[in-house]
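S.K.: Curious how this folds, go ahead:
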Amino acid sequence: MAENKLTLEQVAKYPRPGASGPKRVSFSLDSQKITYLASEDGSLVLQLWAYDIQSGAREKLTGVGASGPISREEELRRERNRTREVGVTSYQFAGEASSPTLLVPIGGSLFVRQGEKALSEVPGTQGAIDARLSPDGTKIAFVREDELYVVDIATGNLKKLTSGASNGLTNGLAEYVAQEEMGRGEGYWWSGDSQWLAYVQADSRQIPEYPIVHQGLDKPEIEVHRFPFTGQANTTVKLGIISSAGGDTTWLDLGRDEDIYLARVNWRPDGVLTAQLQTRDQRQLKLLAFNSQTGKSTILLEDEGDPWTNLSNDLRFLKSGEFLWSSEKSGFCHLYLHSQDGSEIRALTSGEWVVTGVVAVDEEKRLVYLQATREGVTERHLYKVSLDGGEITRLTQEAGWHSVAISPDFSYLIDTFTNLNQPPKVSLLKIDGTLVTNLYYDSETTPASLGLIVPELISFPSRDGVTLHAAIYNPPNLEANKRYPLIVSVYGGPHVQRIMNHWELTVDLRCQYLAQEGYVVLKVDNRGTYNRGLAFEGALAGNMGSIEVQDQLDGVNFIAQRPYVDAARVGIFGWSYGGYMTLMCLLRAPEVFKVGVSGAPVTHWDGYDTHYTERYMGLLSANPEGYQKTSPLTLVDNLRGKLLLVHGMVDENVHFRHTARLIVALTNAQKPYDLMIYPEERHMPRNAKGLEYMERRITAYFKENL
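M.R.: Numbers count the residues shown, from 1 in each chain. Next comes the predicted model:
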């Protein structure tokens, strides 16, 4: 390990070391250029760049002024996406491959570049959010003041397509749970011929208003949200089709049950609109096709899961009429080919591993490119398989984590590769894997150059024989006959995987700093976490905060067998679900966990949203006892250790109300606690000074009490 030591200022700084490389990397429509977002100075301010494959020349497509103010609505959308970066955070190309149109939102307005022309502002688009080009590149759709608009780029003609929006009723916007929990950020969809738009009308007026007060400002402000608390009313949605030139909306038949989720919407190549609908209990997922003239629907397939159905973005409609569908009906997520009428033709993948995403489909050669965990859950590789069945072929070789984009003509791929020892390296390869060039490679940034240790990846059996994966950060230069306190870094919740052969694990600078200060730090992916199959994930169904605590305890007991670990001094910290897990570990295993730092914790699942909570806990009316016994509020009498609570007061995801309710319960039980609040932070703290202060407080808390 290098002699240089981390400082707390470094621990609080973003982006992390080695994480300043290209982002949102993709190919141009003609496959001749590569476009990406990057910072010139290693900061969070991004610009758009293009790389010419033949000449090797790089061009900056955006310039000064890319970091202007954004609206409150856009701020909240970025919070949904957990976007820290500023400046240019999105872009899109559409139109003719030889002379495409580029769309870039900058500073609250929309800018376009057509062919080789300079980037210019589109008049009348100030305040536009969720802007997207029509496939032919001639028009832009966007939402403003909860209504859907289309502007013709050539003429500047602006058309308001929808009307009737009011407080709680929106047109063309994804509702809260769609953005936060369902992975659907869109509220409208262009047809392939650019003539039509499908859009969502989301009605939240039956959901009571929830106020959030900005009390850290010179002049107080109040935000009002309609938050769908579990067990209560949900947003109701309608799906309609309207001409991009304006006119009446054709509303589509989503079925008799209005208490459903509109999970995904896709246009088929033949111009037919489809949608995926999920039942309120999330056990059933239907794929519907619509007659755009009558609005009538046909069910193409139904997928049922136990204990739930996970959503994906793997659906691909092919020009042949066939389509790709991913399902966990085998217990693991795999790909299936279906005919146009929905009947299954064949399974394309199988085994006790999961497909994590479809990358591209080469219809001419009938090949599917996909990413999966076949080599082990801690790695991610690219594979290909024929639509006609047969063996799956692995295309990426280096051990670690590969994220891949494939060119439209299937001649090239971009491989963003990383592992514990190497920050992300972006390489251009031919489709057969032959290296063309390294687009980005920071060879000077290594664990040693940063003074970091490479975390140790281990596996161990739980008490009932399930293999669990973990990472350990040991203090540098372990001294013989010395025992070090142990700190557990926890998340532990569904749809998250933390134990990976990935640079992100190495540059967890809080863990690195604590190890540097003489603590052993442990991370465990307990049951309930992602990419291990539905049985592994579903082990927490109806009883959150139970099997996860058991697995974390087994991790502590396993690592405590090492002679340098002091099992009498164990601390724990986590944020969000990790904050909840910190509380549950302190309260369900007080004999083991002596100190905890709980950030933005859920303290009762009746205070969280419908789609997330009901997926894992079931409906509140069907599992009231489960909701009670999984709440830290009912367990506060067990608290024996030291507890520091951290929360942002304008957190619109896990409301500060969760911590406030816990404070009331702790006070009633006469249990001591410590508190650190951030009046103007949301669920993901961003203020640089605030982050530094938080790291100082957390480190000091463990030093004082452990």
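
S.K.: mind checking how far the residue of the chain most remote from its centre is from Tyr564?
M.R.: The C-alpha centroid of the chain is most remote from Asn481, which lies 43.3 Å away (CA atoms, centre = their mean). Here the criterion is CB to CB, to the nearest Å. By it, Asn481 lies 9 Å from Tyr564. Every C-beta, even on glycine, is put in place using the N, C-alpha and C of the backbone.

S.K.: Kindly report the same for His611.
M.R.: His611 is 44 Å from Tyr564, where distance means CB to CB.

S.K.: So which of these two has more stuff around it?
M.R.: Using other CB atoms under 10 Å, the more surrounded residue of His611 and Tyr564 is His611, with 23 against 16.

S.K.: hang on, that one is in a strand, isn't it?
M.R.: No: judged by DSSP: H, G, I helix; E, B strand; the rest coil, His611 forms no part of a strand; its state is helix.

S.K.: from memory it sits against Leu262, does it?
M.R.: No: contact status for His611 versus Leu262: not in contact, 11.4 Å apart, counting by CB atoms under 8 Å.

S.K.: any idea where the helices of this structure begin and end?
M.R.: Taking DSSP state H, the helices of the chain run over residues 8-11, 72-80, 176-180, 447-450, 503-506, 509-516, 534-537, 547-559, 577-588, 610-617, 624-629, 656-668, 688-705.

S.K.: Take stretch 474-490, keep the C-alpha atoms, and write them as CSV.
M.R.: Once non-C-alpha atoms are left out, stretch 474-490 reads as follows in CSV (Å, rounded to 0.1, in the frame of the first residue of the first chain):
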residue,chain,number,x,y,z
ASN,A,474,-8.6,-5.1,6.3
PRO,A,475,-6.5,-2.5,8.0
PRO,A,476,-3.2,-2.0,6.3
ASN,A,477,-0.2,-3.7,8.0
LEU,A,478,-2.1,-5.9,10.4
GLU,A,479,-0.2,-6.2,13.6
ALA,A,480,0.4,-9.6,15.2
ASN,A,481,-1.6,-10.3,18.4
LYS,A,482,-3.7,-7.2,17.9
ARG,A,483,-7.5,-7.4,17.6
TYR,A,484,-9.4,-4.9,15.5
PRO,A,485,-13.0,-3.7,15.9
LEU,A,486,-15.4,-4.8,13.1
ILE,A,487,-17.8,-2.4,11.2
VAL,A,488,-20.4,-3.8,8.9
SER,A,489,-21.4,-1.7,5.9
VAL,A,490,-24.9,-2.8,5.0
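
S.K.: I'd like the distance from it to the chain centre, please.
M.R.: How far stretch 474-490 lies from its chain's middle: 32 Å, per CA atoms, centre = their mean, to the nearest Å.

S.K.: Tyr383 - how many residues pack around it?
M.R.: Applying other CB under 10 Å, I find that Tyr383 has 20 neighbouring residues.

S.K.: Just grab the bridge partners of it for me.
M.R.: The residues listed as beta-bridge partners of Tyr383 by DSSP bridges are Leu370, Arg394.

S.K.: For it, list the residues it contacts.
M.R.: Tyr369, Leu370, Gln371, Ala372, Arg374, Ile392, Thr393, Arg394, Leu395 (CB atoms under 8 Å, 6 or more residues apart in numbering).

S.K.: Derive a PyMOL selection command for the buried subset of the residues you listed.
M.R.: PyMOL command restricting those to the buried ones, with burial defined by 16 or more other CB atoms under 10 Å:
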select buried, resi 369+370+371+372+374+392+395
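
S.K.: quick one: the closest residue to Val237 other than its chain neighbours from Ala202, how far?
M.R.: If the residues on either side of it in the chain are set aside, Val237 comes closest to Leu262, at 4.7 Å by CB to CB, 6 or more residues apart in numbering. For Leu262, the distance to Ala202 equals 9 Å [CB to CB].

S.K.: Residues that sit against both of those two, list them.
M.R.: Residues touching both Leu262 and Ala202 comprise Val237, with contact defined as CB under 8 Å, 6+ apart.

S.K.: Check the spacing between the closest residue in space to Gln422 that isn't next to it in sequence and Pro447 real quick.
M.R.: Excluding the flanking residues, the one nearest Gln422 by CB to CB, 6+ apart is Trp503, at 6.4 Å. For Trp503, the distance to Pro447 (CB to CB) stands at 9 Å.

S.K.: Spit out the residues that contact these two alike.
M.R.: Applying CB under 8 Å, 6+ apart, one finds that Trp503 and Pro447 are jointly contacted by Leu420.

S.K.: thinking in terms of the whole chain, how far from its middle is stretch 274-293?
M.R.: Here the centre of stretch 274-293 is set off from its chain's centre by 23 Å, with CA atoms, centre = their mean.

S.K.: So which bits of that stretch are buried?
M.R.: In terms of neighbour count (16+ other CB under 10 Å), stretch 274-293 has its buried residues at 274-278, 280, 282-290, 292.

S.K.: ok, now stretch 475-492?
M.R.: Within stretch 475-492, judged by 16+ other CB under 10 Å, the buried ones are Pro475, Tyr484, Pro485, Leu486, Ile487, Val488, Ser489, Val490, Tyr491, Gly492.
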